[in-house]
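A.B. asks: Predicted model follows, preceded by the sequence.
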Amino acid sequence: MPKLTVNDIEVVVEDGATVLHACEAANVEIPRFCYHDRLSIAGNCRMCLVDMERAPKPIASCAMPAGDGMVIRTDTDRVKKAREGVMEFLLINHPLDCPICDQGGECDLQDQAMGYGFDGSRFDENKRAVENKHMGPLISTTMTRCIHCTRCVRFATEVAGVPELGAIGRGESVEITTYLEKTLASELSANVIDLCPVGALTSKPYAFAARPWELNKTESIDVMDALGSNIRVDARGAQVMRVLPRLNEDINEEWISDKTRYAVDGLRRQRLDRPYLRGRDGRLAPASWDDAFKAIAAKMKKAKPATMAAIAGDQVDAEAMFALKTLFGKMGSGNIDCRQDGAKIGGARAGYLFNSTIAGIDDADALLIIGSNPRIEAAVLNARIRRNWLSTGLPVGVVGPKMDLTYDAAFLGDEPAVLADLASGKHKFAAKLKKAKRPMIIIGMGALARADGAAVLGQSRDIAETYGVVTKTWNGFNILHSAASRVAGLDMGFVPEKSGLDVEAMCKAAEAGKLDLVWLLGADEADLPRLKNAFIVYQGHHGDNGAHHADVVLPGAAYTEKDGIYLNTEGRVQYANRAAFPPGEAREDWAILRAFAGVMKINFGFDSLDELRELLFRAVPHFADRDMISPTKWVKFGSRAKVKPVKFTTAIDNFYMTCAISRASETMAECMRANGTDRAEAAE
């Protein structure tokens, strides 16, 4: 490992490190615009110039490999003058519109001009003007501000896997463009806004909405998918203004999907802000909390425990599920389920977790995907798979329909017979699994939310055991969930008891007139028309599918409006924090259930969130281990039944609208229109 001297400080860096890395190891700040540690080195901006002993001129530290015995200085007059010169060049054509630029207050160019720039300019020529480019409904462009660092180009090509951004022209005529002036066809496209060091690329929905210093910043967790991306929620008063990524190397690194970032405008529309009761005319009318609770209590007291059921939705926090489970337990009903889609999972934790962990994708040397489209279901996770494929040529096989995953994949077919061929070794992809030292399997809800999902799970487990997917040091058997609440629900046992009804059985019982009451806790994705014969209580935050079918509506809080515990697809315990308050009379879900228990004269054993969590931790101890993943044992799970000859599909077709919040989002609707228009024009 090379040993260098930086400003009289000796540092040792890893092989392959650059001089810039050595300077950072010595705690010396190096300004940069084009360099980013997750992108390839471009060496465009020259802002990172340093002096190297015996070098005739300053060197670009980002592009110079660190060598043993190098002597580097970053504080000489020559370095200072060189950086001032570079900054002077960068600002030749940059417009003086900082007061109206959305990047103001968060701009690398502003900060570094103050720290390393000169207080004047020797150029008095006219500034060049560049026409703004169309990049879709998410990204606002002011290309006159662009300094051609090419971060956006490298991100689109390397991370997102959509090489639709690039530079045209030469010299002073260089412009960054999408070539065909169309929307960036990536679920990660808006990350270029965070990467842009100037105000050339900014957020279109957030344009001129607020300044950074006006916002209250809250660290939280995303629930738009089951990845549990770490986010920062910026709010002004009661309104969430924007969502930004937080760094977490084990989960989302520093990326988030476009839906995570922009669906939050759905929090302002179609909100439930007061209780509602369905009257004799068949219409929902505003009601008081007392009247709503009395209507539910009257129905519950008449109904037998076996004729009551509860379904938990995809974005519910663990505390609310635990409170609802406690309520139905006290009522004597075991008809509870958190699997709206009917996924045949539960029991052994190894059979429903992403066992390798998300970071473990980097170590895989062969991958089999069954019934999943990770690009749509977990876009940030898909970027990790792409990175592994780029660096190692990871062989990927897909059992399911053909799709563009942004990396090369062998589509093995969508017939279940492919699994049998893989298990027996007949299929040609079996050789790649056998050759691999750390093979990985990713199974999506498209394979498990079938009538024979348990059989598919069992056959997948057989494949894993056949090809060494699970060893003493490696477990590459992974379930990719699409619901943020699913793992927490399975861990706490929010599933039917031995004689209880699952979601499908509830629907059948309701159709037969054998179900009197169904409590929907944020559940909008189930087959709700089949439950119409039962008395439906909907507890949620939007006037979506569940509220339309409900007899009583109880307004709850969205994920940005409450403290809550979520377990992501790998079983990592994460705590979300409240960034704003729910509208009107809406309340946190656990508090609503606690208040209703008081009406029913049921002792829950808690009166506050802390007391509820204490009971939850007693019941499921690992929920108290923040940011930790509890170990699992490899045991038998799944079914030995025969898999039906029905083609595999994927769980999600429409990336932009998958929940009540995203369906209420105008930005997500615009994305759908823009992508549909661009694809139609491309087809023509």
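C.D. replies: All right, it came through fine.
A.B. asks: Could you use CA atoms for every contact and neighbour count after this?
C.D. replies: Fine.
A.B. asks: mind listing what G540 touches?
C.D. replies: When contacts are counted by Cα atoms under 8 Å, 6 or more residues apart in numbering, G540 touches L272, L521, G522, A523, A547, V553, L554, P555, G556, A557, A558, D589.
A.B. asks: now those residues in JSON lines, with neighbour count, secondary structure and pLDDT?
C.D. replies: Output for those, formatted as JSON lines (neighbours: other Cα atoms under 10 Å; DSSP: H, G, I helix; E, B strand; the rest coil; pLDDT from 0 to 100):
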{"residue": "L272", "neighbour count": "24", "secondary structure": "coil", "pLDDT": "97"}
{"residue": "L521", "neighbour count": "26", "secondary structure": "strand", "pLDDT": "97"}
{"residue": "G522", "neighbour count": "28", "secondary structure": "coil", "pLDDT": "96"}
{"residue": "A523", "neighbour count": "28", "secondary structure": "coil", "pLDDT": "96"}
{"residue": "A547", "neighbour count": "26", "secondary structure": "helix", "pLDDT": "96"}
{"residue": "V553", "neighbour count": "30", "secondary structure": "strand", "pLDDT": "97"}
{"residue": "L554", "neighbour count": "29", "secondary structure": "strand", "pLDDT": "98"}
{"residue": "P555", "neighbour count": "30", "secondary structure": "strand", "pLDDT": "98"}
{"residue": "G556", "neighbour count": "30", "secondary structure": "coil", "pLDDT": "97"}
{"residue": "A557", "neighbour count": "28", "secondary structure": "coil", "pLDDT": "97"}
{"residue": "A558", "neighbour count": "26", "secondary structure": "coil", "pLDDT": "97"}
{"residue": "D589", "neighbour count": "27", "secondary structure": "helix", "pLDDT": "97"}
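A.B. asks: Tell me the one of those nearest I479?
C.D. replies: Proximity of the contacts of G540 to I479 was ranked by Cα to Cα; the top entry is A523 with 21.6 Å.
A.B. asks: Dump the contacts of G540 to TSV, plus distance to T5.
C.D. replies: Formatted as TSV, these follow (distance: Cα to Cα, whole Å):
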residue	distance to T5
L272	62
L521	61
G522	59
A523	60
A547	66
V553	68
L554	65
P555	62
G556	59
A557	55
A558	53
D589	58
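A.B. asks: of those residues, closest to V130?
C.D. replies: Distance to V130 across the contacts of G540 (Cα to Cα) is lowest for A558, with 42.1 Å.
A.B. asks: Just to be sure, A295 is in a helix?
C.D. replies: Yes. Assessed by DSSP: H, G, I helix; E, B strand; the rest coil, A295 belongs to a helix.
A.B. asks: P65 is in contact with E14, isn't it?
C.D. replies: No. Counting by Cα atoms under 8 Å, P65 stays clear of E14, with 10.7 Å between them.
A.B. asks: between those two, which one's more packed in?
C.D. replies: For P65 versus E14, the count of surrounding residues by other Cα atoms under 10 Å is larger for P65: 16 against 12.
A.B. asks: Name the spans of this protein whose pLDDT lies under the cut-off.
C.D. replies: Scanning the chain for pLDDT under 70 picks out the ranges 677-684.
A.B. asks: quick one: contacts of stretch 77-95?
C.D. replies: Residues outside stretch 77-95 that contact it (Cα under 8 Å, 6+ apart) are 45-51, 58, 113, 116-118, 121, 123, 127-129, 144-147.
A.B. asks: now stretch 593-610
C.D. replies: Stretch 593-610 is contacted from outside by 293-294, 297, 319-320, 323-324, 326-327, 330, 590-591, 611-612, 615, using Cα under 8 Å, 6+ apart.
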